[in-house]
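> Predicted model follows, preceded by the sequence.
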Amino acid sequence: MKSSRWTYVGVSAAAAIATFLITLLLVNVAERKREALRSYFEVVKLGEETVDPAEWGKNFPRQYDGYRRTVDTQRTRYGGSEAFSRLENDPRLKRIFAGYAFALDYREERGHAYSLKDQDETERVKQRPQPGSCLHCHASVLPAYRTKGGGDILRGFELVSAMPYAEARKLVSHPVSCVDCHDPATMQLRVTRPGFLIGVRAYKKSQGVENYDPNTVATRQEMRSFVCGQCHVEYYFAGEKKTVTYPWSKGLKVEEIESYYDEAGFSDWVHAETGAGVLKAQHPEFEMWNQGVHPRSGVACADCHMPFVREGAVKISDHHVRSPLLNVERACLTCHPFSADEMKARAESIQDRTSKLLARAEGALVDLLDAIQRARADGLAEAQLARARKLQRQAQLRADFVNAENSMGFHAPQEAARILAEAIDFARQGQLALK
């Protein structure tokens with residue numbers, strides 16, 4: 001009888017505990033559902049003039065925490081966010097860029113939070129006069145465009161681009177910020193950079209699409225790449241006004257961009273050793289990425305560089321923008337059913353092969369520089385020199401297109417190999433042209 005009573009007490013206690021735990025679970029689920037309905041609270045009013053990311057952080061603390069972490073300096077095998085000197089890593093670049101500002105200072109880019117500071121501090125700005133065009137992608141510059149253009153952003157874009165850098169720099173106060181990619185009223189992604197809007201319209205026209213405007217017709221998934229492609233692109237400063245221009249009217253491949261420059265009669269500088277008019281690729285991630293498998297599979301830049309993360313019941317894009325190789329579990333494994341070690345090894349094997357090809361391309365290019373110098377000293381006919389210089393221009397653009405692009409071939413491995421094979425071939429043809 002006593003045993004039966006204790007059994008009853010035990011069962012009752014267990015039932016009470018189970019009921020309590022289930023109630024806690026249901027309460028927690030209800031709280032999480034309410035939390036998911038309100039992903040943010042409007043603490044401050046945001047507008048087009050709100051360029052300080054800390055102000056946006058009052059409404060979006062989770063995203064701001066990620067943005068602040070872009071000050072981290074982490075290095076991958078071939079890049080990352082540590083500002084190491086590329087000239088020290090690869091001394092051949094000093095000769096390849098002889099006579100140009102990149103022979104003075106060429107560092108690996110750091111995170112978004114450093115985009116303006118690094119521009120201020122580079123020797124390319126300190127020792128060589130630069131235009132206000134640089135602010136197009138290094139600063140939260142939209143208010144400056146509006147102010148200088150009297151409310152007309154395109155007009156302001158042209159005027160600020162034409163200003164000396166030191167003068168234009170006084171118009172901005174923050175690096176790339178939230179307002180550059182998000183509408184402050186709706187928080188929707190948007191393209192704000194005039195260079196991209198004009199460039200992508202020209203590219204789409206070459207594909208048979210007239211008057212293309214990504215802000216009205218692009219899907220959300222497309223916008224998750226376009227907002228990155230605003231700045232991670234090849235460009236040049238056109239004409240006396242130094243207007244930021246994306247050379248896309250013939251297409252996005254390196255030979256199409258080269259054809260654009262040839263028709264425009266444009267060279268970035270005259271090579272100090274050879275006298276050739278040559279080109280400097282900037283950072284053509286968007287162009288190279290477009291030749292790879294990921295965009296054909298519907299994968300956006302943000303899927304890998306800003307993968308989704310859960311905080312409580314809220315799912316957000318991780319605003320700690322960085323190399324996927326520093327975040328393999330969330331950047332790669334959501335699509336690829338392999339281990340993190342295997343995925344990292346696959347990526348690095350692509351980069352290793354590309355790096356070896358790049359070294360051979362640069363070696364061939366330096367051999368061509370030597371050959372042209374000797375030929376000039378020997379008084380070779382100008383026609384032969386002109387042919388070799390043309391081939392130097394072709395080889396140099398291709399080698400630099402891969403070197404300046406920040407994935408070391410990963411965005412489009414076969415395209416990177418093709419481009420470097422052409423670079424080697426053109427450099428060797430240039431040597432033969434001097435025989």
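Noted; the coordinates are in hand. Numbering: from 1, shown residues only.

> Contact partners for residue 431?
Residue 431 makes contacts with 367, 368, 371, 388, as judged by CB atoms under 8 Å, 6 or more residues apart in numbering. Backbone N, C-alpha and C define where each C-beta goes, glycine included.

> scratch that, residue 375 is what I was asking about
Residue 375 touches 384, 385, 388, 434, counting by CB under 8 Å, 6+ apart.

> Please save the CA atoms from whatever helix or strand the first one lives in in CSV.
In other words, residue 384. In this structure, residue 384 sits in helix 382-404 according to DSSP states H and E. Provided in CSV are the C-alpha atoms of helix 382-404 (Å, rounded to 0.1, in the frame of the first residue of the first chain):
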residue,chain,number,x,y,z
GLU,A,382,59.8,50.4,-85.5
ALA,A,383,57.4,48.1,-87.2
GLN,A,384,58.7,45.1,-85.4
LEU,A,385,58.8,47.0,-82.1
ALA,A,386,55.2,48.1,-82.6
ARG,A,387,54.1,44.4,-83.1
ALA,A,388,55.9,43.3,-80.0
ARG,A,389,54.4,46.2,-78.0
LYS,A,390,50.9,45.3,-79.1
LEU,A,391,51.5,41.7,-78.0
GLN,A,392,52.8,43.0,-74.6
ARG,A,393,49.6,45.0,-74.2
GLN,A,394,47.5,41.8,-74.9
ALA,A,395,49.6,39.6,-72.6
GLN,A,396,49.8,42.1,-69.8
LEU,A,397,46.1,42.7,-69.6
ARG,A,398,45.4,39.0,-69.5
ALA,A,399,47.9,38.2,-66.8
ASP,A,400,46.7,41.2,-64.7
PHE,A,401,43.1,40.3,-65.3
VAL,A,402,43.6,37.1,-63.3
ASN,A,403,46.0,38.6,-60.8
ALA,A,404,43.8,41.6,-59.9
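
> May I see the buried residues of that helix?
For helix 382-404, a neighbour-count test (16 or more other CB atoms under 10 Å) marks 385, 387-404 as buried.

> tell me the angle of the longest helix along the chain relative to helix 382-404?
Counting by DSSP state H, the longest helix found in the chain is helix 340-377. Counting by axes from the mean of the first three to the mean of the last three CA atoms, to 10 degrees, helix 340-377 lies at 160 degrees to helix 382-404.

> what about helix 340-377, distance to the chain center?
In terms of CA atoms, centre = their mean, to the nearest Å, the centre of helix 340-377 is set 21 Å apart from its chain centre.

> per-residue confidence averaged over it?
Throughout helix 340-377, pLDDT has a mean value of 97.

> list the helices and strands the host helix or strand of residue 147 packs on?
Taking DSSP H and E as the definition, one finds residue 147 inside helix 142-148. Helices and strands touching helix 142-148, by 3 or more CB pairs under 8 Å, 6 or more residues apart in numbering; DSSP states H and E, are helix 153-162.

> Show me what the helix it packs on is packed up against.
Helix 153-162 sits against helix 135-138, helix 142-148, helix 194-206, strand 243-245, with contacts defined as 3+ CB pairs under 8 Å, 6+ apart.

> Now the second one - C-alpha only, CSV.
What it means is helix 142-148. Provided in CSV are the C-alpha atoms of helix 142-148 (Å, rounded to 0.1, in the frame of the first residue of the first chain):
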residue,chain,number,x,y,z
LEU,A,142,25.7,59.5,-52.7
PRO,A,143,25.0,62.6,-50.6
ALA,A,144,28.1,64.3,-52.2
TYR,A,145,26.7,63.5,-55.7
ARG,A,146,23.3,65.0,-54.7
THR,A,147,24.9,68.1,-53.2
LYS,A,148,27.2,68.8,-56.1
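
> Buried ones in it, by neighbour count?
Here helix 142-148 shows 142, 143, 144, 145, 146, 148 as buried, counting by 16+ other CB under 10 Å.

> Tell me the spatial nearest neighbour of the last one, not counting adjacent residues.
Across the structure, with CB to CB, 6 or more residues apart in numbering as the measure, the residue nearest residue 148 apart from its sequence neighbours is residue 156 (4.1 Å).

> I'd assumed residue 135 was in contact with the one you found.
No - between residue 156 and residue 135 no contact is recorded; they are 11.2 Å apart, counting by CB atoms under 8 Å.

> can you list residues touching both of those two?
With contacts defined as CB under 8 Å, 6+ apart, the residues adjacent to both residue 156 and residue 135 are residue 144.

> can you pull the buried residues of stretch 126-138?
130, 131, 132, 133, 134, 135, 136, 137, 138.

> just stretch 421-433 next, same as before
Within stretch 421-433, the residues scored as buried using 16+ other CB under 10 Å are 422, 423, 424, 425, 426, 427, 428, 429, 430, 431, 433.

> Centre-most residue in this protein?
Central residue of the chain (CA atoms, centre = their mean): residue 232, 3.3 Å from the mean position.

> which SS state does it fall under?
coil (DSSP: H, G, I helix; E, B strand; the rest coil).

> just checking, it touches residue 288?
No - look at residue 232 against residue 288 with CB under 8 Å: they stay out of range, at 9.7 Å.

> What ranges in this protein fall below the confidence cut-off?
The model of the chain has pLDDT under 70 over residues 1-11, 24-40.

> so when I look at residue 310, I'm seeing a strand, right?
Yes - according to three-state DSSP, residue 310 belongs to a strand.

> would you list every one of the helices in the stretch 1-150 of the chain?
2-37, 53-59, 61-68, 86-89, 92-96, 115-121, 123-127, 135-138, 142-148 (DSSP state H, counting those that start in this stretch).

> between those helices, which gets nearest to residue 222?
helix 135-138 (19.8 Å; CB to CB).

> Can you name the residues in contact with that closest one?
Contacting residues not belonging to helix 135-138 are listed as 115-116, 118-119, 141, 144, 157, 160-161, 165, 168-169, 171-172, 175-176, 193-195, 230-231, 244 [CB under 8 Å, 6+ apart].
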